[in-house]
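Undergrad: could you work out the structure for the sequence below:
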Amino acid sequence: MSDLLFDTLTISAHGMRVQGERTRIISENIANSSTGALTPETEPYARKVITFKNEMDRQQGIRLVEVEDITEDRRQDFPLKFMPDHPGANAEGYVRMPNVNMLIEMNDMREAQRSYEANVGMLEQARSMHSRTIDLLR
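TA: I've put the predicted structure just below:
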């Protein structure tokens, strides 16, 4: 297998792996989107965000995408929801809810899915080109 083909497969595989991790983080955000604070003193689930970085694979001489960090999103306040019977309700009857916006999560999920599919497409194209090259050599 040529170096170019192997490099393409490696780059696409790394892209698929980080988009899979991104999908996992988004799924965790969605799963916890309605989990309020357990007590008035505690914080609810905080939305997680993932960041990527380019990393040089010096052995192969190619740039690969890697997960840089997974952090809690503290840019948005926790919204309050009136639920006076909830154990996490404050004296006024409000519970702090996660800072997860389902519209943003669904858009992020769609973007991650499309990026994953693009990497799968690159793998399929590379495989197809390799097969055609072998057919030409026969």
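Undergrad: and the pLDDT for the closest residue in space to Asn90 that isn't next to it in sequence?
TA: Excluding the flanking residues, the one nearest Asn90 by CB to CB, 6 or more residues apart in numbering is Pro40, at 4.5 Å. Every C-beta, even on glycine, is put in place using the N, C-alpha and C of the backbone. For Pro40, the pLDDT comes out at 93.
Undergrad: Pro40 and Ile104: what is the separation?
TA: 27 Å (CB to CB, to the nearest Å).
Undergrad: Thr51 touches Asp73, doesn't it?
TA: No - Thr51 is beyond contact range of Asp73, at 11.1 Å (criterion: CB atoms under 8 Å).
Undergrad: who has more neighbours, these two?
TA: Neighbours per residue, other CB atoms under 10 Å: of Thr51 and Asp73, the larger number sits with Asp73, 15 against 10.
Undergrad: residues in contact with the more buried one?
TA: For Asp73, the contact set (CB atoms under 8 Å, 6 or more residues apart in numbering) comprises Ala46, Arg47, Lys48, Val49, Asn99.
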